[in-house]
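Colleague: Task: produce atomic coordinates for the following.
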Amino acid sequence: MRCRGLIVLIIVALAAACTPARAPASPAAPVTTATPISTPMPTPMPSPTQLPTPHVYQASIWAPYIGFLEQKTLTDNADTLAEVNFFWYELAGDGEIRGSVQSEAGLKAAREAGLRVLPSILNGGFDRERVASIIHDDARRAHHIAAIVQLTLENNYDGIDIDYESLYPEDRDAFTLFIEELAAALHKEGKLLSTTVHPKTDEGGDWGPKAQDWARLGAASDEFKIMIYDMHHGASEAGPIAPLDWADQVLAYGESRVDPAKIFMGVPFYGYDWVGSKGESIEWRQAMKRAKMYDVEIERDASSGEAYFVYDDGRHTVYYNDAKTLQGRLSMMLARHPLIAGVSIWRLGGEDPENWRALRENLLPAPNR
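Modeller: Residues are numbered from 1 along each chain as shown. Below is the predicted model:
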């Protein structure tokens with residue numbers, strides 16, 4: 001009986017070997033996932049023999065302050081982050097950099113968590129003159145660049161984030177030259193340059209966005225962070241802060257000018273409370289407190305996915321971002337712009353705690369969720 005069974009098995013095996021292989025079923029729609037975060041090198045030259053690697057999604061976060069709660073949030077969710085941008089420095093009116101490490105504990109926590117540290121330098125009050133007086137003068141520009149490099153080296157930062165806003169179109173070439181020269185100086189020391197820019201969908205306009213040559217800025221920078229928010233802002237009428245169609249258009253324009261692997265999609269974690277055309281910037285937790293206090297019905301804006309409500313007999317209108325909003329933004333990014341670097345978050349503190357779950361589920365590979 002064993003012999004007969006063996007003969008049957010042999011006949012079956014031979015028959016299977018002679019049968020043509022079945023074509024595989026059509027694959028399901030691919031799901032975009034991330035690989036573990038890795039530290040980028042400053043603008044590397046591509047190797048013609050370099051093998052393709054899996055795409056890496058990263059998240060950076062701007063931290064205007066770092067108290068106990070913000071530090072705990074940072075360390076508890078460090079697995080979802082690659083980088084932190086502390087708001088510790090500004091370009092002062094006299095052309096010098098003002099500021100210092102404002103939280104040794106926060107800096108230590110970020111480093112122990114394995115995060116890159118690229119503090120931001122702002123033009124104080126987003127004053128155009130502070131920047132213009134430097135970038136249009138060869139000697140002052142060289143001095144400023146040397147001061148930035150020295151600041152980075154003295155504090156052993158991984159690099160620096162430049163957030164110079166509200167420039168004029170006539171500043172475009174000078175600002176570009178400044179970024180190109182700063183990038184070269186930082187790269188010489190093995191440091192990274194992040195450049196933060198206004199959102200735009202074309203080269204029109206007559207203020208900040210027009211002053212930024214995305215093609216040249218993106219080529220020089222290691223990270224290109226686009227602030228895709230404030231479509232409606234503190235000096236406008238109430239409305240969605242970042243409609244998804246608009247964000248999609250900004251990213252599409254960005255990809256036409258800059259290597260997608262350098263582009264970070266700015267995402268808002270905040271909201272506004274408007275009275276007429278004056279809006280107060282508020283955190284998610286403040287929005288929740290006001291909604292509860294006035295016992296209002298919370299609705300959802302279709303264009304942005306943002307939550308909104310009105311209170312005080314219609315005098316106040318509140319729009320804010322929560323985890324459901326973030327999920328929609330990440331879904332759009334993954335579906336429409338899967339090759340960009342990731343997201344830059346404004347800002348750390350007072351956000352919906354469920355935001356971190358949304359980041360884990362969308363940007364991290366399954367084993368790390």
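
Colleague: And the helices in the stretch 151-300 of the chain?
Modeller: Here the stretch 151-300 of the chain has its helices, by DSSP state H, counting those that start in this stretch, at 172-188, 214-220, 244-257, 284-294.

Colleague: Put together a markdown table for these, with mean neighbour count and mean pLDDT on each row.
Modeller: The C-beta positions use only the backbone N, C-alpha and C, and glycine is treated the same way. Listed next are the helices of the stretch 151-300 of the chain as a markdown table, based on neighbours: other CB atoms under 10 Å; pLDDT from 0 to 100:
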| stretch | mean neighbour count | mean pLDDT |
| --- | --- | --- |
| helix 172-188 | 19 | 98 |
| helix 214-220 | 20 | 98 |
| helix 244-257 | 18 | 98 |
| helix 284-294 | 16 | 98 |
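
Colleague: Including distance to residue 86, could these go into TSV?
Modeller: As requested, those are exported to TSV (distance: least, CB to CB, whole Å):
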stretch	distance to residue 86
helix 172-188	17
helix 214-220	22
helix 244-257	25
helix 284-294	21
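
Colleague: For residue 362, find the nearest of these.
Modeller: Nearest to residue 362, of all those, is helix 244-257, at 14.9 Å by CB to CB.

Colleague: packing partners for the closest one?
Modeller: helix 214-220, strand 223-226, strand 263-268, helix 323-336 (3 or more CB pairs under 8 Å, 6 or more residues apart in numbering; DSSP states H and E).

Colleague: closest to residue 147 out of the ones you listed?
Modeller: With CB to CB as the criterion, residue 147 lies closest to helix 214-220 of those, at 18.6 Å.

Colleague: Tell me which residues are up against the closest one.
Modeller: With contact meaning CB atoms under 8 Å, 6 or more residues apart in numbering, helix 214-220 is reached by 43, 176, 179-180, 183-184, 193, 195, 197, 200, 224, 253-254, 257-259, 262-263.

Colleague: could you redo the last one with a cut-off of 10 Å?
Modeller: For helix 214-220, the surrounding residues in contact (CB atoms under 10 Å, 6 or more residues apart in numbering) are 43, 162, 172-173, 175-184, 186-187, 193, 195, 197, 200, 203, 212-213, 224, 226, 253-254, 256-260, 262-263.

Colleague: Ok, which of the helices and strands packed on helix 244-257 comes nearest residue 348?
Modeller: It's strand 263-268; of the helices and strands packed on helix 244-257, that one is closest to residue 348 (CB to CB) at 12.5 Å.

Colleague: where's that closest one relative to the chain centroid, distance-wise?
Modeller: 3 Å (CA atoms, centre = their mean, to the nearest Å).

Colleague: helices and strands around it, which ones?
Modeller: In terms of contacts (3 or more CB pairs under 10 Å, 6 or more residues apart in numbering; DSSP states H and E), strand 263-268 is packed against strand 58-63, strand 192-197, strand 223-226, helix 244-257, helix 323-336, strand 342-346.

Colleague: What is the fifth one packed up against?
Modeller: Counting contacts by 3+ CB pairs under 10 Å, 6+ apart, the secondary-structure elements packed against helix 323-336 are helix 244-257, strand 263-268, strand 299-300, strand 342-346, helix 354-363.

Colleague: List the neighbouring strands of the third one plus their orientation.
Modeller: Strands that pair with strand 299-300, judged by DSSP bridges, come out as strand 307-311 (antiparallel).

Colleague: what sits up against the strand it pairs with?
Modeller: Identification of contacts with strand 307-311 by CB under 10 Å, 6+ apart yields 238-241, 271-274, 284, 287-288, 290-291, 293-301, 316-322, 324-325, 352.

Colleague: Phi and psi next, for residue 349.
Modeller: When quoted as degrees, to the nearest 10, the phi and psi of residue 349 stand at phi 120, psi 120.

Colleague: who's in contact with it?
Modeller: Contact analysis of residue 349 by CB under 10 Å, 6+ apart lists 61, 63-67, 69-70, 73-74, 269-270, 283-285.

Colleague: Tell me the one among the residues you listed nearest to residue 330.
Modeller: Using CB to CB, residue 269 comes nearest to residue 330 of the contacts of residue 349, at 12.8 Å.

Colleague: May I have the beta-bridge partners of residue 116?
Modeller: For residue 116, the beta-bridge partners are residue 83 (DSSP bridges).

Colleague: Quick one: neighbours of it, just the number.
Modeller: Counted with other CB atoms under 10 Å, the neighbours of residue 116 add up to 22.

Colleague: How about residue 94?
Modeller: Count around residue 94 with other CB under 10 Å applied: 8.

Colleague: Verify the contact between it and residue 129 for me.
Modeller: No. Between residue 94 and residue 129 there is no contact under CB atoms under 10 Å: 11.5 Å.

Colleague: residues shared between the contacts of the two?
Modeller: By CB under 10 Å, 6+ apart, no residue touches both residue 94 and residue 129.

Colleague: May I see the buried residues of stretch 336-347?
Modeller: Buried positions in stretch 336-347, judged by neighbour count with 16 or more other CB atoms under 10 Å: 337, 340-347.

Colleague: should've said stretch 321-334
Modeller: In terms of neighbour count (16+ other CB under 10 Å), stretch 321-334 has its buried residues at 321-323, 325-330, 332-334.

Colleague: out of those residues, what pair is the most spread apart?
Modeller: Those two in these that are separated most widely, counting by CB to CB, are 322 and 334, at 18.9 Å.

Colleague: Closest to residue 102 out of the buried residues of stretch 336-347?
Modeller: Nearest to residue 102 among those, with distances taken as CB to CB, is residue 347, at 14.9 Å.

Colleague: contacting residues for that closest one?
Modeller: By CB under 10 Å, 6+ apart, the contact set of residue 347 is 61-65, 70, 85, 87, 268-270, 281, 283.
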